[in-house]
Structures are given as structure tokens and as C-alpha cells.
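Trainee: I would like the atomic coordinates for the input below:
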Amino acid sequence: MAAGVEVIGHPLVQHKLTLLRRKTTSTVDFRRLLGELSALMAYEVTRDLPLHEVAIETPVGPMTGHLIDGKKVVFVAILRAGIGILDGMLSVVPGARVGHVGLYRDAQTLRAVEYYFRMPRDMASRDAIVVDPMLATGNSAVAALDRLKETRPRSIRYVCLVGCPEGVANLRKHHPDVPVFAAAIDSGLNDHGYIVPGLGDAGDRYFGTK
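Mentor: Numbers count the residues shown, from 1 in each chain. Next comes the predicted model:
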């Protein structure tokens with residue numbers, strides 16, 4: 001596996017990913033599974049977020065506990081399919097802020113074209129977690145990270161369900177400082193730029209548009 005890339009091999013993650021991949025999985029089940037899978041992945045992706053000490057009272061007595069500052073976490077969804085990961089991630093870190101990067105893939109060139117960009121204020125004090133189900137050519141990921149870095153967040157992580165060697169190489173070439181988390185790295189791309197075996201078009205399957 002390439003440096004800076006972590007495949008989350010937890011049995012529950014792999015189980016739900018397999019169910020998600022099935023072409024017979026309905027739209028409603030796809031949405032449910034994607035939310036459950038995203039929540040499970042969130043535990044791994046956030047495991048080294050900084051903590052601060054707080055003094056609290058338990059029913060028995062005082063103690064010093066530890067909290068993350070959820071308001072300093074920003075989930076950045078690459079539209080449109082990245083929206084499907086948000087609910088699961090927010091169920092784990094409900095205080096997180098949300099940013100959006102609107103991109104579509106040109107059918108001829110496979111290049112990413114931006115149509116929307118919106119981030120919370122004061123990104124320099126925030127940890128950004130970019131979410132998108134598929135890391136295929138990597139062009140959308142690179143474009144999103146290019147724009148995100150203009151806001152100078154404190155840290156950046158990139159999360160996908162399924163990637164491939166071509167996409168990983170493209171992202172790592174342009175953004176070697178950004179760690180990548182995935183549930184699987186598949187064999188490669190077909191002639192249409194889709195991951196094989198993959199799970200199809202995640203956006204279409206989530207929104208029921210195909």
C-alpha cells in the first residue's frame with residue numbers, strides 16, 4: 001500500500017461495504033448502509049484528533065476528562081455524492097461544521113469542473129476531513145484539495161469508500177501531505193473512468209437518479 005494511505009479493514013466496515021457493492025442493493029438500503037459505514041469509518045479517521053482536558057463531576061466525584069472540540073472539525077463534502085457520507089460522520093461528531101465543494105466530471109476530458117465552494121470561517125484553526133465515496137481518477141480530489149488549501153486549514157484528511165491505484169497516485173503526487181483513508185483500494189479504472197469492480201456511480205445509487 002502507498003505511503004500515507006490507510007485501508008480500514010475492520011470486519012464491520014468490510015461487511016457493510018460488500019452489501020453496499022451489490023448491484024441488487026436498493027436505493028433505501030444503499031443510503032442506510034452508506035450512513036452506517038461512514039459512521040464506522042469516522043472512528044478511525046478521527047482517532048488522533050487533539051483532545052483538551054476538562055474538569056467534570058461524575059455522580060461519585062470530580063475528575064479530569066478529555067474532549068475533542070467538535071466545532072473545530074469541518075467535514076468537507078465533495079458534491080454531490082459526498083453528501084451521502086455526511087450523516088454518518090455527523091452522527092459521530094455532531095458538533096462539526098460542514099463545507100461544500102461542488103465539482104462535476106467533464107465526460108470527455110474526465111477533468112473536474114468547479115461550480116460551488118463554501119467553507120466555514122476561520123479555517124486556520126480547524127481540522128478538515130474531505131469526504132467523497134469514490135477516488136477514481138483523483139482529479140476531483142486534487143481539485144477539491146487545491147481549493148481547500150487556499151483557506152489554510154490546520155490539518156486535512158481525505159476519506160473515501162473505494163479508491164484505485166490511479167486515483168491514489170494522482171492525489172499523492174499533488175498532495176503528499178494529505179493522508180488518505182479508504183475502506184478498499186480496488187484494481188483499477190475501466191475505459192469510462194469508473195473503478196473496477198467498484199460499486200457503480202455512488203451519487204446515482206444514493207439519490208436514485210439512475
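
Trainee: how about the nearest residue to G208, chain neighbours excluded?
Mentor: Nearest-residue entry for G208: T27, 4.1 Å, with adjacent residues in sequence omitted and distances by CB to CB, 6 or more residues apart in numbering. Yep, even glycine has a C-beta here, placed from its N, CA and C like the rest.

Trainee: next one: the one you found from P94, what distance?
Mentor: Distance, T27 to P94, using CB to CB, to the nearest Å: 25 Å.

Trainee: of those two, who's got more company?
Mentor: T27 (14 against 8; other CB atoms under 10 Å).

Trainee: is it true that that one touches G203?
Mentor: No - if you go by CB atoms under 8 Å, T27 and G203 don't touch, sitting 11.6 Å apart.

Trainee: okay, helices next: where are they in the chain?
Mentor: Along the chain, counting by DSSP state H, helices occupy 11-21, 27-45, 83-92, 139-149, 165-174, 202-207.

Trainee: and the angle from the longest one to helix 11-21?
Mentor: Yep, that's helix 27-45 we're talking about. Per axes from the mean of the first three to the mean of the last three CA atoms, to 10 degrees, the angle that helix 27-45 makes with helix 11-21 is 150 degrees.

Trainee: report all helices and strands that helix 27-45 contacts.
Mentor: Counting contacts by 3 or more CB pairs under 8 Å, 6 or more residues apart in numbering; DSSP states H and E, helix 27-45 packs against helix 11-21, helix 83-92, strand 155-163, strand 180-185, helix 202-207.

Trainee: make it 10 Å
Mentor: Counting contacts by 3 or more CB pairs under 10 Å, 6 or more residues apart in numbering; DSSP states H and E, helix 27-45 packs against helix 11-21, strand 73-79, helix 83-92, strand 127-131, strand 155-163, strand 180-185, helix 202-207.

Trainee: could I get these as a markdown table with mean neighbour count?
Mentor: Shown next, in a markdown table, are the helices and strands packed on helix 27-45 (neighbours: other CB atoms under 10 Å):
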| stretch | mean neighbour count |
| --- | --- |
| helix 11-21 | 17 |
| strand 73-79 | 24 |
| helix 83-92 | 20 |
| strand 127-131 | 24 |
| strand 155-163 | 24 |
| strand 180-185 | 23 |
| helix 202-207 | 19 |
